[in-house]
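1. here is a sequence with its predicted model. Questions after.
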Amino acid sequence: MALLVIFRHGQSVWNLENKFTGWVDVELTEKGIQEAKNAGEKLKSFHFDVAYASDLKRAQNTLSIALEVAGKTVPTTYNKALNERMYGDLQGLDKTETAKKYGDEQVKIWRRSYDVPPPNGESLKDTTARVIPYYKAEIEPQLKAGKNVVIAAHGNSLRALIMYLENMTPAQILEFEIGTGIPRLYELDENLKVLKAENI
């Protein structure tokens, strides 16, 4: 049996400022740093063999803080396949102002539909198309070898992964909330079937 733990980065500066972030490489807030520390406390009782994060420093820093608090030194790989979805022309815009400009309904479609991307950006379907092949190629072999894996990433890249792991429909995953800095634990059998999934 292998363990997989995934968690979203702590609050970022643009989370706080209510801006679309996407691939813009912003820092964690003080609250975000504390959320990473809290995640680390929850990881203390687990052993990890390998760790992964996206190519963005808010996920990388969350992971390194959490592992430091947990007292663990783990080989870590960063890859842009795990990045947040690219929000295109919306990146850097205030979410409330954007809703005023384009209308609440249009912004909701961009944010919460599965296959409609924002202008020059990615849909969740697009994000899934890069996250899952990377997971299958790089992370599943580690789990099949019985290694325990921890991943720090983003709301939408983790939605893609949770949808795959838990056999959710696009409608189900779009309603699934992923809080910042809250680890989600999966127990997997030798065929990588999920035996248990819970927030810790």
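-> Sure thing, it's come through. Since this is a predicted model, take the numbers as computed values, not measurements. Numbering: from 1, shown residues only.
2. can you list the strands that the host helix or strand of residue 187 pairs with?
-> For residue 187, the enclosing helix or strand under DSSP states H and E is strand 184-188. Sheet pairing of strand 184-188 (DSSP bridges) gives strand 2-8 (antiparallel), strand 194-199 (antiparallel).
3. now the shortest one: mean pLDDT?
-> Put plainly, it is strand 194-199. Strand 194-199 comes out with an average pLDDT of 96.
4. try stretch 49-62
-> Throughout stretch 49-62, pLDDT has a mean value of 98.
5. ok, stretch 20-33 next?
-> Averaging pLDDT along stretch 20-33 gives 97.
6. need the residues that contact that stretch.
-> Residues outside stretch 20-33 that contact it (CB atoms under 8 Å, 6 or more residues apart in numbering): 9-16, 36, 56-58, 61-62, 65, 83-88, 90-93, 95, 98, 118, 121, 180-181. (Glycine included, C-beta is placed from N, CA and C.)
7. only the buried subset of the residues you listed, as a PyMOL command please.
-> Restricted to buried positions by 16 or more other CB atoms under 10 Å, the PyMOL selection for the contacts of stretch 20-33 reads:
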select buried, resi 9+10+11+12+14+15+36+56+57+58+61+62+65+83+84+85+86+87+88+90+91+93+98+118+121+180+181
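8. the strands in the protein, which residues?
-> Taking DSSP state E, the strands of the chain run over residues 2-8, 50-53, 76-78, 149-153, 184-188, 194-199.
9. for those strands, give me a markdown table that also has distance to residue 113 and mean neighbour count.
-> A markdown table is the format used below for these (distance: least, CB to CB, whole Å; neighbours: other CB atoms under 10 Å):
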| stretch | distance to residue 113 | mean neighbour count |
| --- | --- | --- |
| strand 2-8 | 20 | 23 |
| strand 50-53 | 27 | 22 |
| strand 76-78 | 29 | 15 |
| strand 149-153 | 21 | 27 |
| strand 184-188 | 24 | 19 |
| strand 194-199 | 25 | 11 |
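10. using a markdown table, lay out the ones you listed together with distance to residue 171.
-> Listed next are these as a markdown table, based on distance: least, CB to CB, whole Å:
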| stretch | distance to residue 171 |
| --- | --- |
| strand 2-8 | 21 |
| strand 50-53 | 28 |
| strand 76-78 | 32 |
| strand 149-153 | 22 |
| strand 184-188 | 20 |
| strand 194-199 | 19 |
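11. closest to residue 106 out of the ones you listed?
-> Residue 106 lies closest to strand 2-8 among these, at 25.4 Å (CB to CB).
12. so how far is that closest one from its chain's centroid?
-> Between the mean C-alpha location of strand 2-8 and the chain-wide mean there is a distance of 10 Å, by CA atoms, centre = their mean, to the nearest Å.
13. ditto for stretch 170-180
-> Its chain's C-alpha centre and that of stretch 170-180 lie 11 Å apart, by CA atoms, centre = their mean.
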